[in-house]
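[1] need a 3D model of the sequence below.
(chains A, B, C and D)
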There are 4 protein chains.
Amino acid sequence: MSLPPNDVLDLKLAAAGARRIAWADAHMPVLASIRERFTRERPLAGQRLAACLHVTTETANLVRTLVAGGAEVRLCASNPLSTQDDVAAALVAEHGVAVFAVKGEDNARYYRHIRACLEFSPTLTMDDGADLVSSLLFVARGELAGVHPEVQAFARALGDAGRDALIAGVLGSTEETTTGVIRLRAMERDSVLRFPVVAVNDSDTKHLFDNRYGTGQSTVDGIIRATNILLAGKVVVVAGYGWCGRGVAMRAHGFGARVVVTEVDPVKAIEAAMDGFAVMPMRDAAPLGDVFVTLTGDTTVITAEHIATMKDGAILANSGHFDVEIDLPGLRAMATEVFEARPSVQGFRLRDGKTVFLLAEGRLVNLAAAEGHPAAVMDMSFANQALAAEHLVKHGREMTANVYRLPEELDREIARLKLATMGLAIDTLTGEQTGYLASWREGT
Amino acid sequence: MSLPPNDVLDLKLAAAGARRIAWADAHMPVLASIRERFTRERPLAGQRLAACLHVTTETANLVRTLVAGGAEVRLCASNPLSTQDDVAAALVAEHGVAVFAVKGEDNARYYRHIRACLEFSPTLTMDDGADLVSSLLFVARGELAGVHPEVQAFARALGDAGRDALIAGVLGSTEETTTGVIRLRAMERDSVLRFPVVAVNDSDTKHLFDNRYGTGQSTVDGIIRATNILLAGKVVVVAGYGWCGRGVAMRAHGFGARVVVTEVDPVKAIEAAMDGFAVMPMRDAAPLGDVFVTLTGDTTVITAEHIATMKDGAILANSGHFDVEIDLPGLRAMATEVFEARPSVQGFRLRDGKTVFLLAEGRLVNLAAAEGHPAAVMDMSFANQALAAEHLVKHGREMTANVYRLPEELDREIARLKLATMGLAIDTLTGEQTGYLASWREGT
Amino acid sequence: MSLPPNDVLDLKLAAAGARRIAWADAHMPVLASIRERFTRERPLAGQRLAACLHVTTETANLVRTLVAGGAEVRLCASNPLSTQDDVAAALVAEHGVAVFAVKGEDNARYYRHIRACLEFSPTLTMDDGADLVSSLLFVARGELAGVHPEVQAFARALGDAGRDALIAGVLGSTEETTTGVIRLRAMERDSVLRFPVVAVNDSDTKHLFDNRYGTGQSTVDGIIRATNILLAGKVVVVAGYGWCGRGVAMRAHGFGARVVVTEVDPVKAIEAAMDGFAVMPMRDAAPLGDVFVTLTGDTTVITAEHIATMKDGAILANSGHFDVEIDLPGLRAMATEVFEARPSVQGFRLRDGKTVFLLAEGRLVNLAAAEGHPAAVMDMSFANQALAAEHLVKHGREMTANVYRLPEELDREIARLKLATMGLAIDTLTGEQTGYLASWREGT
Amino acid sequence: MSLPPNDVLDLKLAAAGARRIAWADAHMPVLASIRERFTRERPLAGQRLAACLHVTTETANLVRTLVAGGAEVRLCASNPLSTQDDVAAALVAEHGVAVFAVKGEDNARYYRHIRACLEFSPTLTMDDGADLVSSLLFVARGELAGVHPEVQAFARALGDAGRDALIAGVLGSTEETTTGVIRLRAMERDSVLRFPVVAVNDSDTKHLFDNRYGTGQSTVDGIIRATNILLAGKVVVVAGYGWCGRGVAMRAHGFGARVVVTEVDPVKAIEAAMDGFAVMPMRDAAPLGDVFVTLTGDTTVITAEHIATMKDGAILANSGHFDVEIDLPGLRAMATEVFEARPSVQGFRLRDGKTVFLLAEGRLVNLAAAEGHPAAVMDMSFANQALAAEHLVKHGREMTANVYRLPEELDREIARLKLATMGLAIDTLTGEQTGYLASWREGT
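    Residues are numbered from 1 along each chain as shown, chains lettered A, B, ... in the order given. Predicted coordinates:
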């Protein structure tokens, strides 16, 4: 077999990657059942699907499912540090998928990989953070100021006609994560979207589980793998009490930490307080925290001013999509020395003599320092992705250039399948009960 | 002062009630701040407001607020067992409010009290479970079969013209609880609603707090006051994992119980499982449970068949709005003897020799065996009620006969006020952060 | 039947008390099995047993067991506020036991009741806090300065010979609680003990359960019954992280409070911190707390200076044995007004305009404002008491005047019985496993 | 510098090891303060200390402390899989310590390393599991049947006089872990001990922290690193509810697992039940568990019969000292195929078609698949070790051949130091309070 186009670290890692992919597969029964149907029905036949995702064992099983459905798939990384090189190798060598992803790639290589996906002239795109769709739209709009040179070069090479053809060929896209959905809704509001997008993150079977239990466990896991610190008795400051933030708060508390939550939303702040957590502005939390984790989807949540008041030895981590939540340029400007304290742990010696530690260069700590969300939750998330791709093939032409939620019946069907594979049975409404709920007549 | 019309247990309880009302008031600062503004602005001047609510210390403070806003208020109970007789007395004797509510009233007296509220020709109604609105609509529609004789008699006395005038006089209504909102949406779907209704329960500052933390604590409190059993090591079966159910699950677990959740919704069922609870159908849970609590808003969740398989000594409680969740006729039919084991605890000796215990006659255990939701959460719920009444006065005439949510800015304003009174500060988005969230251009 | 000597509130409460005693009995199967054996074996025949205990439903079942064993029992209260008057009545009227206990009795009546027990010339005593034993020793030693006048009068009436006879007649005593054991060990150290004492509190099946799960649940229960406040989001300061304190911390946390622990022992303080609680001196905790609970067994843990820095509305409760943990004279001296805010809640208006609230007059809040430890844990505690009484009859004459632990095999036997009645099975060591544990030869 | 005798994997790993040792050192301030004093006082000058410990970053800092105290140290591994090769290299290359330890060493090499420690003619030994002391005693007693050939060969080479000299030269030993203490007490009972041993595990500042919070976190960490499974919603069976077991139960629950506890001790079993866990025999738990963890210190806790009833995909881990808790020979005999599923995860295909997975070959999963206890708890454990060594030098000659606990004042002093370095202050007893606790006179 000749290999597909690719840029991966080392194809010799393929066997190890294949073993780990198989392990994850065993924990993704819903996706497996979809793959089995896709193999029979081939709903994605003829599609060129470009995916910009974290290249993990779970993603590999999604890609296998898309391929089983008939799609030709090209995959690039959605984050420079989240690639599992053995998985990338296995996808190329064992599954014949074109993969462009190397853990630790620099920005130029990152966008060279995005470019490889654009050059694929996809009919469907799949995003985690909206880098691929935004690049597509930059190209389509000819709006190239400030855009990465690789994308600029691609746009110029394409020419006007090519750009129109590129965008016209896209049936639709799907988006995995909160940050990407925020960007897409901004695009929708600014009327720059050019095709329908299914916000997979909006499915109940996605954000209620993957964002909460997945991010919760894997973020704490990433922090511990990076540092081996004892959480019991530590103060962990969690910035953001959305689904991801409450997952991390819950799990840090579950390991014995005292959790402080910072928020900008008063409703979420009261929830955090009534869930038993301390709530305060970051300014007040900064001098108290032993560990800080940001999960807000916003920029500059931890500023240089905050860092200046932190304890000696404070640990900073981000589990939001982009590495903008901690003011990294500000941190670097404060430091007289930067050194590697442990793998994934950089020490910053500050002018006042204190040292603070940054995990995973401020990138998603759960993916960069651990393995990302466990397969058992990605099972539902990626079942949504697979069904969203199928939905776009079936219905994309009737859909306008807006952000959609996956139809609720598909969402609940995923839940039902998941429940069954977990070995759990639940009750069913009786006719009497359904009737009662539908009637307004019965009172006291 | 001459007393207003009333039917309460004993006016001599007024002083004790007044003390407890003042105690609750000290924990309801948001409502107090609204009351202060209402006193100045009199937004409800000229309104006749009929309220069918649980007659508790918290409700008393809501009523005081409505009166401060200029409304004339008439209050009846929304449940035969939830009235605090000292509070009813205090409202009559110290606040001059017409109250019709006696703890333990029978069905006839319950509907006589509803009738007193209908006879008031209200311009606004306030409901907890929709008994008042549904009675109003039965009257208006002349749909009297199956309706309580008191309501029938009232409708006949009114005559056709009177009925039209009655309904035409209603500007709108508000509804407090999930069950009431379910009934109202059924009315909306059946096109029988005749005026706008604000579903207070839909506010974030209501259902996220009162239903979860309020019902959670007060239900466990009710069970313990009734029984004084040790929860540690017991199996508590919680039927329903909505906001109320998860509140009870969380608090029962917090007292050391092993919690089993039953559900009909697969998404909620997986959430319960990933929150660490056992999930199974009621059929399987029935033989395992030491304590059962229903919070589904549906009928016959615990059937006679379930009861037949329960352990000797099993305890049954309901914290859903109506006393239909446990099959009480079925339970009575199984019993050879019914006896009072403790106050609020009835023993049912079954034919097979086992005894099961029913708390509070299957009515809301948190109100019947304890004091209902603590003031600190009702503060937000009733702030919503007061603002909803004001909103209907201001905008009711432009609103159609549908179910509305209170405008989100009022909801968030309540949260902001609450947070401040809790002594908690939070962060504010900087201009840079707001801009970042609004932009789709910044990626990796 | 002629009634035994007694001083109780109202014998007409007997029926209600009897029902509640029966309810508790159903949750005390270990004690019931001992009662059944006692009925057959009559190991306490001929004993006069004076008991100074909290007069609750659980104690009633212990007394029934002692009577079944052949003892003649006289019972007085071990705390002025912990008596359940219906239980006292039922013991007199239905079980023929001489009871001297009235809820809310003043100090004079309290000691009149102690005197009644001394006049009984007991062969065995049973204490909860060591008031009976210390009174006995004061009398025996003729050390009457500072002793309550009732006890003084009794001693004088007795004369020297009577005193010698009194003390010579005592075979031994048992002690229920931590505070009592601390006093007894002080007596042992000072060589004033005159008979052997079994420290029931030292049994694993006592302090690991009753002190932790019993005090934990019932203290939070007492606070909520007294105040109906929402614990979620509140700061609860727990003074003392012994078995009782950690029970309260665990349960307050389980109801959503943020817990602050104060300690004097560095080991316990680190445990509290690693269990996820904030740890600080009371001086720092005082301005932060919404609710304060003392469980230290020591005096003046919350001082007037602490109270002066507390928040307006702060709530003070004690769950330690004596009402000395909060500086009550100091509090009274600070107050310009004292008023009843709710039953069991006294408001103290302070000179600076703030108000703080004291629950249950600073006495055991779990017994004074709720019903004390649930029957399920008292089952084990009182099984220890019953077996301790039997042990003293069998072996007391061979024992010296020291503080003893109940033999460990009896302790474990209680655990085994309890486990079985909870429906729980466990593993048994195989011969191979027992051998492995006994051998030092098997290594890597 | 010429290198000391050693057998390590690769000295080039020294720099990475040194960085990690420094990181751990920053979290071990109590040990650092002892090291500082040792540097000044040199209390171990002239001692030859042979240590058989897990070769981790924390141990490295202990060894540095012993060297600072003047000891010459020789270190071998206490488990074939727990060595961190970079740490071993750094100790040799950067700290000049003789280390004999390679991760994954076979039994022959393991005992060759023990022999290297025996050949050192130690004056002090330090053990984790008692392999070094038991080997010493086998040699001293000439009891060589069944002993590893390396030890036999050494004993023979030594001759009788050498053996006497060897044992006579040992001043005393220290022991780190529960299993080792159990073995030592068996030696004490069998009167084979020849020198005093300090059971460091018996210190409060050791077993209450390292065994509970350390083993708790690191065991869950090890399971997740090995498998990346989601714990939320899984059933985790914990065998043994001692300090280690309750740590794992607490942390598995903290990550959303439903925990089942198996026990042989009825008291611990009731505690587990009242802590909210399911309790049952392993026979009943076997078919329910998704993950099994043994921490009993006993043999064959999970048998082949249990494994036969497990679910397909069940995961088996051990965190007890020796790899005997799961019946590994039995498991191997059941398997038709053994394969590597992931690093540290072996799949066993069983005859019935199911597959079960064994982590870390059944050895301490927290050390073999993660990094062992975090430095923050080992700080206290190893402070005990350092002080125990000093204590033996000072007092060993006056101590008999028994198992001792470190004097309690040293234990509390460690707690006080730790608390201060955690930035935590606590209360101090006032004179009045001390007096109150010492007096038995003050009652109601």
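[2] what residues does the stretch 151-300 of chain A put near chain D?
    By the rule C-beta under 8 Å from any C-beta of the partner chain, the part of the stretch 151-300 of chain A lying against chain D is A:213-214, A:216-217, A:221, A:224-225, A:227-233, A:250-251, A:253-256. C-beta coordinates here come from the backbone N, C-alpha and C atoms, glycine included.
[3] restrict stretch A:292-301 to CA atoms and write it as PDB.
    Extracted in PDB, the C-alpha atoms of stretch A:292-301 (Å, rounded to 0.1, in the frame of the first residue of the first chain):
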ATOM      1  CA  PHE A 292      -4.800  28.100  38.800                       C
ATOM      2  CA  VAL A 293      -6.800  26.700  35.900                       C
ATOM      3  CA  THR A 294      -8.500  28.800  33.300                       C
ATOM      4  CA  LEU A 295     -11.500  27.500  31.400                       C
ATOM      5  CA  THR A 296     -13.300  30.700  30.200                       C
ATOM      6  CA  GLY A 297     -13.000  30.800  26.500                       C
ATOM      7  CA  ASP A 298     -11.900  34.400  26.900                       C
ATOM      8  CA  THR A 299      -8.600  36.200  26.800                       C
ATOM      9  CA  THR A 300      -6.300  37.500  29.600                       C
ATOM     10  CA  VAL A 301      -8.100  36.100  32.500                       C
END
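[4] for that stretch, the distance to its chain's centre please.
    Relative to its parent chain, stretch A:292-301 has a centroid offset of 15 Å by C-alpha atoms, centre = their mean, to the nearest Å.
[5] could you give the mean pLDDT of that stretch?
    What stretch A:292-301 shows for mean pLDDT is 97.
[6] flag the shaky bits of the stretch 51-200 of chain A, pLDDT-wise.
    For the stretch 51-200 of chain A, no stretch has pLDDT under 70.
[7] phi, psi for the closest residue to residue A:196 other than its chain neighbours please.
    Using C-beta to C-beta, 6 or more residues apart in numbering or on different chains and skipping the chain neighbours, the partner closest in space to residue A:196 is residue A:399 (3.7 Å). Per-residue torsions, residue A:399: phi -100, psi 150 (degrees, to the nearest 10).
[8] run a quick neighbour tally on residue A:399.
    Counted by other C-beta atoms under 10 Å in any protein chain shown, the residues lying close to residue A:399 total 16.
[9] any idea which strand is longest in chain A?
    strand A:335-342 (DSSP state E).
[10] okay, the angle between the helix or strand following it and strand A:335-342?
    Per DSSP states H and E, the first helix or strand lying C-terminal to strand A:335-342 is strand A:345-350. Interaxial angle of strand A:345-350 relative to strand A:335-342 (axes from the mean of the first three to the mean of the last three C-alpha atoms, to 10 degrees): 160 degrees.
[11] separation between residue A:10 and residue D:200?
    Distance from residue A:10 to residue D:200, counting by C-beta to C-beta, to the nearest Å: 46 Å.
[12] these two: who's more crowded?
    Remark: of residue A:10 and residue D:200, residue D:200 carries more neighbours, 31 against 11, as counted by other C-beta under 10 Å.
[13] and the nearest residue to residue A:185 once chain neighbours are set aside, bridged to which residues?
    Take residue A:185 and drop its neighbours on the chain: the residue closest to it by C-beta to C-beta, 6+ apart is residue A:403, 5.8 Å away. Under DSSP bridges, the beta-bridge partners of residue A:403 are residue A:197.
[14] residue A:403 touches residue A:195, doesn't it?
    No: assessed by C-beta atoms under 8 Å, residue A:403 is found out of contact with residue A:195, at 10.9 Å.
[15] neighbour count for the two, which is higher?
    The residue with more neighbours, out of residue A:403 and residue A:195, is residue A:195; 23 against 18, by other C-beta under 10 Å.
[16] didn't the more buried one look like it was pressed against residue A:174?
    No: using C-beta under 8 Å, residue A:195 is not in contact with residue A:174; the gap is 11.0 Å.
[17] okay, now the closest residue to chain D within the stretch 151-300 of chain A: neighbour count?
    For the stretch 151-300 of chain A and chain D, the shortest gap (C-beta to the nearest C-beta) falls at residue A:254, measuring 2.4 Å. By the measure other C-beta under 10 Å, the count of residues near residue A:254 is 26.
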